[in-house]
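Undergrad: Sequence and predicted structure below; questions after.
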Amino acid sequence: MENGGYIPDSGGKSISKIGALSASSSDNSVAFKVEEGITFSWSNLTVATKEKKTGKCCGLVNSETIPSKKILSDVSGIVRPGELLAIMGASGAGKSTLLNTLLFRNLGDLQVSGKRIANNSIVTPNSLTALSGYVQQVDLFFGTLTVKEHLKFQAMVRMDAEIPMNKRMERVEEVIRVLGLSKAQDTVIGIPGRIKGISGGEMKRLSFASEVLTNPPILFCDEPTSGLDSFMAASVMDMMMDLAKQGRTVICTIHQPSSQIYSKFDRLLLLAEGRTAYLGAANDADKFFQSVGFPCPVNYNPADHFVQILAIQPGQEDECRNQLNTICTAFDNSREGMDLLAEVKNEEITITDTNQLDSDNRSPYKASWLAQFKALTWRNFLAMIKEPLLVKVRIIQSVVIALILGVIYLGQDLDQDGIQNVNGALFVLITNLSFANIFAVVNVFCAELPIFLREHFNGMYRVDTYYITRQIVDLPLFIIEPTILLSILYFMVGLNPTVDRFFMAVVIVLLVVQVVVSLGYCLSCVASSVDMALAVGPVIIIPFMLFGGFYLNTGDVGWLVWIKYLSWFQYGFSALMINQWDGVENISCGLPGISNSTTAAPGPPMACISTGNQVLHTLSFEKDDFALDIIMLVVLSLAFRILAFFALYMKARKK
């Protein structure tokens, strides 16, 4: 049974049947084995920034050109199955850039040249995603899920479609046992500062468990020991060595390893100012540095020594750069450097058109669209119901706000004062729903986007699948919450008591909420952070609120009239007003100062509003616009959602 994602060897045969199942007849156990590994190499990788122009007036006046700067310069290397390559160097040496370049990630506007080759095929983003695991430095999870629930979701979307669910769960149990997560399997992962969960070491092991679940032949790790104590760091390194010994190709960046951790490395790549200072057996690195005049002192951590030699010291920049150039040139001309270059060139020569076609046509997704949909729906629903801030607090908040507003506007009569109070209650209702829901969406959705981007780049699910399931799972809460708020407020205020008017008010309120939620998704997908989205939100909402028909009569607003046509406040308030006042004929005028009152006070007579149509007319609303109001609320909701999807798609698009 094949996983549908492989890189062919030179003979066109599939190698490395990743995730292949072989059931033992003796104990019916499931063994996931890397039958053949993958030799991964890179040739003449060069990464540079783009040339930029700066200055006044968009660069047209007094402009200056910032020249292109090389971050990596003709870096080549090779790693074979069963080896662990550690990438080291001083700050700014290019470690993270090299790892990101190998993975086609986080490159932004950088210019990249060179080749990445795996078993006689030039690597593409899709082919690499299908066959590799990537343990990132920052651990991102849904904190309300347990360890086992998280791994179950990973198994649902990252394992081959042909593997039955019971076999997937057996693999989950096996990974939990092997990586020492048995005691924590039913513990929630946790959210720092909010929900207590598993420890930092367990979280790092969970990151590895997520990646090795599908038994990838290539494993990339970005500073896997960062933030861990010495014992846990050594434990993580032992785990990586064990994974390599099982036939995987393991590549990791590492920052200031202890001598104990350094002794576990198979191969070492030292970078200096974007150039290769050494690549070879870790045990032979000291011999090379001794040959160029920089021997490691006795009883000194070799890792610290190499980083110190390859660092740029403040105030000694020119001297240090000359030293680095000497070391890098010496390695290029050494036997090890020339053998390395020959091996890389040999890998490049053996590339064939047939192998390349297979690599280019590979999909990064293991699960079908429907399987992704089911898994995402399950996880998102589970995360939502276990998150107290999403359900309990918001429902309680709706009840409290409804009671407060209900007490303020309690028991309005059909008289002149009642008109103003009822209109105010309806507009306050729309305003509260707008601000509360847009900020709720922004806070939750923005916080979830980094997890989505990581999982999407890992080939777990598509953008459209995630976006649709997010809408479906959120929908019940955005129906229940405003319905509770309206139901309490409606009868406490004493709005139009007929049953059909109440249910129509519910429909209008739900449509308003959907528009606001759609705008919240749009802001979340466009903004780069939660803070930015929260800052932009009021700037967008307030103009639409002013043109909603309550604070400003929109019948004559001049050239700014276009704003009201995009305002959900306008359509929602208009629809609620028509629903409330259409057909009402018995508004009382028995107040001092009213023209038809027998006890009118001295002064100019005041016009009496005695019908609902007159109420609508004073605000420039027409009852014939009711259908248009409903249609426009639906149109705005769909338009904002479509814009949000395209913004999310562009954010998730690989460059």
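TA: Yep, that arrived.
Undergrad: Just want the phi and psi numbers for Pro257.
TA: Dihedral angles of Pro257 (phi, psi; degrees, to the nearest 10) stand at phi -70, psi 150.
Undergrad: which residue sits closest to it in space, ignoring its chain neighbours?
TA: The shortest distance from Pro257 to any non-neighbouring residue, by Cβ to Cβ, 6 or more residues apart in numbering, is to Ala303 (4.9 Å). (Each C-beta comes from the backbone N, C-alpha and C, glycine too.)
Undergrad: Distance from stretch 331-348 to the middle of the chain?
TA: Centre-to-centre, stretch 331-348 and its host chain are 40 Å apart (Cα atoms, centre = their mean, to the nearest Å).
Undergrad: repeat for stretch 239-249
TA: How far stretch 239-249 lies from its chain's middle: 29 Å, per Cα atoms, centre = their mean.
Undergrad: what's the burial count for Leu45?
TA: Residues lying near Leu45 (other Cβ atoms under 10 Å) number 23.
Undergrad: Pull the contacting residues for Phe40.
TA: Residues near Phe40 by Cβ atoms under 8 Å, 6 or more residues apart in numbering: 78-79, 102, 116-118, 123, 218, 249, 251.
Undergrad: Specify which member of the residues you listed is nearest to Phe445.
TA: For those, the residue nearest Phe445 by Cβ to Cβ is Leu102; the value is 30.9 Å.
Undergrad: Secondary structure element for the closest residue to Leu279 other than its chain neighbours, which one?
TA: Once flanking residues are discounted, Leu279 sits nearest to Leu269: 4.7 Å by Cβ to Cβ, 6+ apart. For Leu269, the element it lies in under DSSP states H and E is strand 267-272.
Undergrad: now that strand, how far from the centre of its chain.
TA: 31 Å.
Undergrad: Partner strands of the very next helix or strand once past that strand, with direction?
TA: Sequence order places strand 275-281 as the next helix or strand after strand 267-272, per DSSP H and E. Here strand 275-281 is paired, per DSSP bridges, with strand 267-272 (antiparallel).
Undergrad: can you list contacts of the partner strand?
TA: Applying Cβ under 8 Å, 6+ apart, the contact partners of strand 267-272 are 75, 77, 79, 83-90, 93-95, 98, 276-282, 285, 306, 310, 324, 327-328.
Undergrad: Give the buried subset of those residues as a PyMOL selection command.
TA: Those of the contacts of strand 267-272 that count as buried under 16 or more other Cβ atoms under 10 Å are selected in PyMOL with:
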select buried, resi 75+77+79+83+84+85+86+87+88+89+90+93+94+95+98+276+277+278+279+280+282+285+306+310+324+327+328
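Undergrad: on that earlier part again, quick one: distance of the helix or strand hosting the residue nearest to Pro257 to the chain centre.
TA: Ala303 belongs to helix 302-309 when elements are defined using DSSP H and E. On the basis of Cα atoms, centre = their mean, helix 302-309 is displaced by 36 Å from the centre of the chain it belongs to.
Undergrad: just checking, what's the longest helix in the chain?
TA: helix 416-457 (DSSP state H).
Undergrad: That helix - what's its average pLDDT?
TA: Mean pLDDT, computed over helix 416-457, is 88.
Undergrad: Equivalent analysis for stretch 391-403, please.
TA: Stretch 391-403 comes out at a mean pLDDT of 90.
Undergrad: residues of it that come out buried?
TA: Buried residues in stretch 391-403 (16+ other Cβ under 10 Å): 391, 394, 398, 401-402.
Undergrad: again, but for stretch 151-163
TA: Neighbour-count burial for stretch 151-163 [16+ other Cβ under 10 Å]: 151-160, 163.
Undergrad: again with stretch 226-241
TA: For stretch 226-241, using 16+ other Cβ under 10 Å, the buried residues are 228, 232-237, 239-240.
Undergrad: what does it rub up against?
TA: Stretch 226-241 has contacts (Cβ under 8 Å, 6+ apart) with 84, 137, 179, 200-201, 204-205, 208, 219, 221, 224-225, 250, 252, 255, 257-258, 260-261, 264, 266.
Undergrad: Can you say which of those residues are buried?
TA: Among these, those buried by neighbour count (16+ other Cβ under 10 Å) are 84, 137, 179, 201, 204-205, 208, 219, 221, 224-225, 250, 252, 255, 257, 261, 266.
Undergrad: now, which of these lie within helices?
TA: Those of the buried ones among the contacts of stretch 226-241 lying in helices (DSSP H): 201, 204-205, 208, 261.
Undergrad: residues of stretch 405-415 that come out buried?
TA: Within stretch 405-415, the residues that count as buried by 16+ other Cβ under 10 Å are 405-406, 409, 412, 415.
Undergrad: right, and the pair among these with maximum separation?
TA: Comparing every pair within these by Cβ to Cβ identifies Leu405 and Asp415 as the most remote, at 20.1 Å.
Undergrad: Dump the helix or strand harbouring Met232 to CSV, restricted to CA.
TA: Secondary structure assignment for Met232, by DSSP H and E: helix 230-245. Only the C-alpha atoms of helix 230-245 are listed here, as CSV (Å, rounded to 0.1, in the frame of the first residue of the first chain):
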residue,chain,number,x,y,z
SER,A,230,19.7,20.7,29.8
PHE,A,231,18.2,17.4,30.7
MET,A,232,15.1,17.9,28.4
ALA,A,233,17.3,19.2,25.6
ALA,A,234,19.5,16.1,25.8
SER,A,235,16.3,14.0,25.8
VAL,A,236,15.0,15.7,22.6
MET,A,237,18.4,15.3,20.9
ASP,A,238,18.4,11.5,21.8
MET,A,239,15.0,11.3,20.3
MET,A,240,16.2,13.0,17.1
MET,A,241,19.1,10.6,16.9
ASP,A,242,16.8,7.6,17.3
LEU,A,243,14.6,9.0,14.5
ALA,A,244,17.6,9.3,12.2
LYS,A,245,18.8,5.8,13.0
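Undergrad: Now do the contacts for the residue nearest to Phe550 when sequence neighbours are not counted.
TA: Sequence neighbours aside, Phe427 is the residue nearest to Phe550 in space, at 4.2 Å (criterion: Cβ to Cβ, 6+ apart). Counting by Cβ under 8 Å, 6+ apart, Phe427 touches 548, 550, 569, 573.
Undergrad: and which of those residues is nearest Ile541?
TA: Looking across these and measuring by Cβ to Cβ, the closest to Ile541 is Phe569, at 8.6 Å.
Undergrad: Asp109: how many residues sit nearby?
TA: Neighbour count of Asp109, defined by other Cβ under 10 Å: 8.
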